[in-house]
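Novice: Sequence unavailable; structure follows:
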């Protein structure tokens, strides 16, 4: 086995068998048998070496052509059983929870009125998981946490899944806000406006047929007491006539307020008189339906550890990593747009919106795929295939190189290719698609990347050319095409990273860099850069707003574990995607999204503090967020720590974003800092010709 594959296998086992499981706010979970699927990723006898390195098929004798990259067999998830304390709920366990809830005295009188909004494993205590040994210890007792609605009331319940009667225990319910929408609600509420006479009259005035209209449920945030005590939602509608890309054809100014529990239309606002529906021409994104172009080319983080290449020792790095919340405020304060300040995870369910990946297009030919178990509103489990793909990536990048010139008398040319392991998921939250990659590199670096793609949320307008726009007119965006404005907006993706560097007790160190002036006559130099290390004592001491001209590094270290030369072992977060919110801190959306006030937060580990926007985000006031937890200013030195990092994007749309948006990506890194005794790439040999397959494009048959 070549060394690059060997190290990738170690990295995969270490930082990922389930750190890939990234994830997410919702009922998104992987079946229990994922080990069987993912270990075949490195099985040289299963798939051939050619497909590991190339999307092309192979010549006879050097691998078999492949027309379908799907798994060779599809496991039956009905018989899945948990094998690890953090394995997600199985199909059987979900069915067991459903039976127990429907039989519970609170709900037994009308079980059909019980609606599940989330159901997930109640993870055992961290100390229990870390002390558990596979093959030696039985699994800890299994429990589930269910968030349900029954006759207008929210409930949070713990469900015992051990043998016996299965106790159901009420748990505290947040003081404000509601659970995220389930998929049944999101679907059924799309049809509520069509039952209202005022809405249909608005369509008639515009000359639009109801059969050509699609409406989307849009969370409305929280803007005061008038919106309390009812679960509310607003609908925005589009014309589907002539295109699948209905997002480009908004029926501007028409907004419908709906009671989510009764589906009653409470108010219809139509302020779009005189604004035409944008034309459908050249907006369809389906291949074969769009206009011709000049040329076309074809061709759950879980308990993770790192393996030290020098000693073979398994070493902790991160216990769990996940996307905690996504805050997407649009920058249009007008009546039909001011409320569009989405919390995509807590309101819609980021994982719930995850969609099957398309082989060959979403992931390369050699990828392996993992399925996921979801829970419907009635509590029944169902499986979606191909929810996560795992693959090796080689894009021609260099992990390390060095050459010596003839001046030294040595003819040396050494380099190592950068082959990495990637775990990917994609979620489609209405018009926007999010692509999340966890990439594990041979030097121990973990890169967490978010790609924004899909379709813009646009606004209809009377303007068809910029010469019609008066100097004082505020479009709140960019004129993209005739009668279409792309509204300015932000994306903030907050990650929760439970770091355990060689153990649970860690410290956060800010390494500040500043100019140091030399003394008179001390040196021909007048200044140099000096790094000063400061250990954060409390939460507020570790809150970071990045500043370009005050550079720093941000380390998580284990002060009790040192290298042979005395440096504390650690990892550092390398920021990128550093856009910061420019909203007023007292603006209601920013109060709810106050977890974006800093790019970096550090909190002591607390099992209940997982969702940066709070457990109940829908119509919440921002009273239970990462920002409010950190106000307690708890001690964090030499404690079990959680690092929070927010990737930020400002998006001022341009015409190249119309009618579909090219993927825009940003990432941040977790990079070893004195974690190893030396660079682990040192032990990797260079790739030789015989290591690679001979590949060619598959022949086309007619």
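Specialist: Everything's here; your move. Note that the coordinates shown come from a computational prediction; the quantities given were computed from them, not determined experimentally.
Novice: mind checking pLDDT for residue 304?
Specialist: Residue 304 is assigned 40 on the pLDDT scale.
Novice: which regions of the protein lie under the pLDDT threshold?
Specialist: 1-76, 287-312, 408-409, 692-702 (pLDDT under 70).
Novice: how about the strands in the stretch 201-350 of the chain?
Specialist: In the stretch 201-350 of the chain, the segments counted as strands under DSSP state E, counting those that start in this stretch are 213-218, 232-239, 250-259, 265-270, 305-307, 314-316, 318-329, 341-343.
Novice: need the contact list for residue 561.
Specialist: 501-503, 568-569 (CB atoms under 8 Å, 6 or more residues apart in numbering). (Each C-beta comes from the backbone N, C-alpha and C, glycine too.)
Novice: Ranking by neighbours, what's the top pick from these?
Specialist: Counting by other CB atoms under 10 Å, residue 501 has the largest number of neighbours within these, with 27 neighbours.
Novice: any idea how far residue 238 is from residue 283?
Specialist: 11 Å (CB to CB, to the nearest Å).
Novice: okay, and the common contacts of those two?
Specialist: Common contacts of residue 283 and residue 238 (CB under 8 Å, 6+ apart): residue 249.
Novice: show me what contacts the residue lying closest to residue 231 once chain neighbours are set aside?
Specialist: Among residues not flanking residue 231 along the chain, residue 260 sits closest, at 3.9 Å (CB to CB, 6 or more residues apart in numbering). Applying CB under 8 Å, 6+ apart to residue 260 gives the contacts 181, 185, 189, 231-233.
Novice: Can you convert the residues you listed into CSV and add a column each for distance to residue 79 and neighbour count?
Specialist: Formatted as CSV, the contacts of residue 260 follow (distance: CB to CB, whole Å; neighbours: other CB atoms under 10 Å):
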residue, distance to residue 79, neighbour count
181, 32, 22
185, 31, 20
189, 36, 22
231, 38, 20
232, 43, 22
233, 39, 23
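Novice: Tell me where this protein has helices.
Specialist: Ranges of helices in the chain, per DSSP state H, are 3-15, 34-39, 48-53, 91-103, 126-131, 183-188, 197-206, 588-592, 626-630.
Novice: measure the closest residue to residue 108 other than its chain neighbours to residue 406 for me?
Specialist: Nearest residue to residue 108, sequence neighbours excluded (CB to CB, 6+ apart): residue 102, at 7.0 Å. Per CB to CB, residue 102 is found 80 Å from residue 406.
Novice: Against residue 216, how distant is residue 247?
Specialist: For residue 247 relative to residue 216 (CB to CB), the value is 9 Å.
Novice: can you check residue 534 too?
Specialist: As judged by CB to CB, residue 534 and residue 216 stand 48 Å apart.
Novice: same check, this time on residue 104
Specialist: 34 Å.
Novice: cool, and residue 683?
Specialist: Distance of residue 683 to residue 216, given as CB to CB: 53 Å.
Novice: neighbour count winner among the two?
Specialist: Per other CB under 10 Å, whichever of residue 683 and residue 216 has more neighbours is residue 216, with 18 against 13.
Novice: just checking, the more buried one touches residue 235?
Specialist: Yes: assessed by CB atoms under 8 Å, residue 216 is found in contact with residue 235 at 6.6 Å.
Novice: any shared contact partners between these two?
Specialist: Joint contacts of residue 216 and residue 235 (CB under 8 Å, 6+ apart) are residue 190.
Novice: Centre-most residue in the chain?
Specialist: residue 323 (4.6 Å; CA atoms, centre = their mean).
Novice: Please report how far that one lies from residue 382.
Specialist: Residue 323 sits 22 Å away from residue 382, going by CB to CB.
Novice: beta partners for the closest residue in space to residue 555 that isn't next to it in sequence?
Specialist: Leaving aside its sequence neighbours, residue 555 sits nearest to residue 509 (CB to CB, 6+ apart; 4.3 Å). Beta-bridge pairing for residue 509 (DSSP bridges): residue 535, residue 555.
Novice: quick one: contacts for residue 509?
Specialist: Applying CB under 8 Å, 6+ apart to residue 509 gives the contacts 533-536, 554-557, 570.
Novice: I'd like to know which of those are buried.
Specialist: Among those, those scoring as buried are 535-536, 554-557, 570 (criterion: 16 or more other CB atoms under 10 Å).
Novice: now, among those residues, which is nearest to residue 422?
Specialist: Nearest to residue 422 among those, counting by CB to CB, is residue 556 at 23.5 Å.
Novice: Quick check, that closest one in contact with residue 501.
Specialist: Yes: counting by CB under 8 Å, residue 556 touches residue 501, with 5.7 Å between them.
Novice: which neighbours do these two share?
Specialist: 570-571.
Novice: Narrow the contacts of residue 561 to those in strands?
Specialist: Of the contacts of residue 561, the ones assigned to strands by DSSP state E are 568-569.
Novice: Dump the contacts of residue 561 to CSV, plus distance to residue 392.
Specialist: Below are those laid out as CSV (distance: CB to CB, whole Å):
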residue, distance to residue 392
501, 27
502, 28
503, 31
568, 33
569, 28
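Novice: For the contacts of residue 561, which two are the farthest from each other?
Specialist: Largest separation among those by CB to CB: 503 and 568, giving 11.8 Å.
Novice: Mutual contacts of the two, please.
Specialist: In contact with both residue 503 and residue 568: 558, 561, using CB under 8 Å, 6+ apart.
Novice: Enumerate every residue touching residue 181.
Specialist: Contacts of residue 181 (CB under 8 Å, 6+ apart): 117, 217, 219, 233, 260, 347-349, 618.
Novice: mind putting those residues in JSON lines, distance to residue 87 included?
Specialist: Below are the contacts of residue 181 laid out as JSON lines (distance: CB to CB, whole Å):
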{"residue": "117", "distance to residue 87": "22"}
{"residue": "217", "distance to residue 87": "33"}
{"residue": "219", "distance to residue 87": "32"}
{"residue": "233", "distance to residue 87": "35"}
{"residue": "260", "distance to residue 87": "33"}
{"residue": "347", "distance to residue 87": "28"}
{"residue": "348", "distance to residue 87": "26"}
{"residue": "349", "distance to residue 87": "21"}
{"residue": "618", "distance to residue 87": "29"}
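Novice: Show me the chain divided up by domain.
Specialist: By the record's domain assignment, the chain is partitioned as 27-33+75-175, 183-270, 458-660 (automatic domain parsing).
Novice: Distance to residue 430 for these - can I get that in a markdown table?
Specialist: Below are those laid out as a markdown table (distance: least, CB to CB, whole Å):
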| stretch | distance to residue 430 |
| --- | --- |
| domain 27-33+75-175 | 17 |
| domain 183-270 | 6 |
| domain 458-660 | 13 |
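Novice: what's the closest of the ones you listed to residue 410?
Specialist: Across those, closest to residue 410 is domain 458-660 (CB to CB), at 28.2 Å.
Novice: Pull up the distance across that closest one, start to finish.
Specialist: With CA to CA, to the nearest Å applied, domain 458-660 spans 11 Å between its terminal residues.
Novice: picking up where we left off before, and residue 102 and residue 406? Which one has more around it.
Specialist: residue 102 (15 against 7).
Novice: OK, contacts around the more buried one?
Specialist: Neighbours of residue 102 in contact, by CB under 8 Å, 6+ apart: 108, 111, 114, 379.
Novice: and with 10 Å instead?
Specialist: 108, 110-112, 114, 378-379 (CB atoms under 10 Å, 6 or more residues apart in numbering).
Novice: Determine which two of those are furthest apart.
Specialist: 108 and 378 (15.1 Å).
Novice: roughly how far apart are the residue lying farthest from the centre of the chain and residue 245?
Specialist: Using CA atoms, centre = their mean, the residue of the chain lying farthest from its centre is residue 521. It sits 54.9 Å away. Computed as CB to CB, the residue 521 to residue 245 distance reads 71 Å.
Novice: same thing with residue 458?
Specialist: Going from residue 458 to residue 245 by CB to CB gives 10 Å.
Novice: Can you work out which residues contact both of the two?
Specialist: 238, 431, 658-659.
Novice: What is the nearest of these to residue 641?
Specialist: For the shared contacts of residue 458 and residue 245, the nearest to residue 641 is residue 431 (36.7 Å; CB to CB).
Novice: Sounds good, over and out.
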